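1. got a sequence here, can you build the structure:
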Amino acid sequence: MTPDTGASDGRISRRLLRKFPKAHAYAFEPNLLYFDSLQQYAREDSRFHPYFLALSDCEGEADLHITLSPGNTSLLMPTEVFKQIDSQGSCVKRSEKVQLVTIDNWAKRNGNPEIQLMKLDIQGGELKALHGARYVLQHSTLLVYTEIWFNCPYEGGAIYSEIDLFLREHGFALYDIFKPRYHPNGLIMWANAVFLNSERLGIYPADR
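-> Residues are numbered from 1 along each chain as shown. Sure, this is the predicted structure:
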C-alpha cells in the first residue's frame, strides 16, 4: 500500500503501480484542479484510490493557498524568498477551505492497511504529515520518499534536519538525496530524499 501525498495528476502513482502490479496507491490531493484527471485514472485502474483531502498532524479544516503554478500550492503561505525564485508561479490566486486528515486516522478508518511506501510532496508540510503517521511509520513503513527543504520558502515550513531527526527516531536512515534545486544566488533550497527503515530492512542502523 502506498499513500501518494500531494498526488497532483497522479503521475507518481502511475509509475509505482506499473512497477508493483500487486500494490494499491492512495492519492491525497486537496487541489480540485486535479479532480477530473484523478477520477478518470481511478476508473481506469481499480488499484488507484483518490482522496481529495490534505494530510497534516491533526484533523479539521485549513486554508489551501492556490498559486499560479499549481505545483507551489500549499497549506503554507509562500514567503518573499519564493518570489525571488518564481516571481509569477508563487503568487497566490485564491485560498480555499479544505479538509485535513492524518494518515494514522485514515488508516484506522480503512482497516489499517499495511503501508510500506510513503510519498510526500506537500510544499513544506511534510513534517506535519509525518507527525500524523507515527503509528504507520512504527508498524509497517519500509520507505519514505519525500521532498526536503534546506531553506524553506514557505511560512512555518519544516527543514531537512527536522525531518531527518524525526524519521531517525522512528528507525529510518537517509538513503539518498537527489534533484537539488537552487536559489538564483546559488543557495540550495530543496531536493528529494529517500529514507529507509534500516531496522526493518536489516541494513545500517539509524542513529537513536
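2. please name the bridge partners of the residue minimising distance to the centre of the chain.
-> By CA atoms, centre = their mean, the chain has its centre lying nearest to L120, at 1.7 Å. Here L120 sits in beta bridges with T5, T146, going by DSSP bridges.
3. OK, contacts around it?
-> 5-6, 55, 126, 129-130, 144-147 (CB atoms under 8 Å, 6 or more residues apart in numbering). Bear in mind the C-beta positions are built from the backbone N, C-alpha and C, glycine included.
4. and D9, helix, strand or coil?
-> Secondary structure state of D9, per DSSP: H, G, I helix; E, B strand; the rest coil, is coil.
5. next: the one 5 residues further on.
-> Using three-state DSSP, the secondary structure recorded for R14 is helix.
6. and the helices in the chain?
-> Taking DSSP state H as the criterion, the chain carries its helices at 11-19, 35-44, 80-85, 103-109, 126-131, 134-139, 160-169, 198-201.
7. of the ones you listed, which is nearest L187?
-> Nearest to L187, of all those, is helix 80-85, at 9.2 Å by CB to CB.
8. the residue most distant from the middle of the chain, which is it?
-> The chain, CA atoms, centre = their mean, max distance from centroid: N185 (26.9 Å).
9. report the contact partners of that one.
-> Per CB under 8 Å, 6+ apart, neighbours of N185: none.
10. hmm, L100 and E59 touching each other?
-> Yes: proximity of E59 to L100 meets the contact threshold set by CB atoms under 8 Å, at 5.4 Å.
11. ok, the two, which is more surrounded?
-> L100 (21 against 13; other CB atoms under 10 Å).
12. in the sheet, who's paired with the more buried one?
-> Here L100 sits in beta bridges with A54, G60, going by DSSP bridges.
13. quick one, what contacts it?
-> 53-56, 58-62.
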